[in-house]
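Novice: Dropping the sequence and predicted coords here.
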Amino acid sequence: MIIGLLACIVSAVFCYVESFRSGLSAKHWGLAGLIFGPLILPLFNVKRRLALRRVRDFDCVYLRA
């Protein structure tokens, strides 16, 4: 029980900080991370990648070195 609650709190803080850095709505993702815990992370990564591709262009190639 305590491990699950701790995982939800850590997930909420992580989602809040990363969504703030990515330009997404931080309160929305922080609350989703608090409610769903680590289960929200794949959806968050997809939304962050789509937001990045929306700002750039879908035909643009983005390589990280």
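Specialist: Good, I have the coordinates. Remember, it's a predicted structure, so these values are computed and weren't measured experimentally.

Novice: The most centrally placed residue in the chain: what's it in contact with?
Specialist: By CA atoms, centre = their mean, the chain has its centre lying nearest to Phe44, at 3.6 Å. Listed by CB atoms under 8 Å, 6 or more residues apart in numbering, the contact partners of Phe44 are Cys15, Glu18, Ser19, Trp29, Ala32, Gly33. For glycine as for every other residue, the C-beta is placed from the backbone atoms N, C-alpha and C.

Novice: Mind picking the two most distant members of the residues you listed?
Specialist: Farthest-apart pair in those is Glu18 and Ala32; separation 12.1 Å (CB to CB).

Novice: got the CA positions of the helix or strand containing the residue nearest to the centre of the chain in PDB?
Specialist: Assigned by DSSP states H and E, Phe44 belongs to helix 41-55. As requested, C-alpha coordinates have been extracted for helix 41-55 and formatted as PDB (Å, rounded to 0.1, in the frame of the first residue of the first chain):
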ATOM      1  CA  LEU A  41       3.900   7.300 -18.400                       C
ATOM      2  CA  PRO A  42       3.500   5.700 -21.900                       C
ATOM      3  CA  LEU A  43       0.600   8.000 -22.700                       C
ATOM      4  CA  PHE A  44       2.600  11.000 -21.400                       C
ATOM      5  CA  ASN A  45       5.500  10.000 -23.700                       C
ATOM      6  CA  VAL A  46       3.200   9.800 -26.700                       C
ATOM      7  CA  LYS A  47       1.600  13.200 -26.000                       C
ATOM      8  CA  ARG A  48       5.000  14.800 -25.500                       C
ATOM      9  CA  ARG A  49       6.300  13.400 -28.800                       C
ATOM     10  CA  LEU A  50       3.200  14.500 -30.600                       C
ATOM     11  CA  ALA A  51       3.500  18.000 -29.200                       C
ATOM     12  CA  LEU A  52       7.100  18.200 -30.300                       C
ATOM     13  CA  ARG A  53       6.200  17.000 -33.800                       C
ATOM     14  CA  ARG A  54       3.300  19.400 -34.000                       C
ATOM     15  CA  VAL A  55       5.600  22.400 -33.200                       C
END
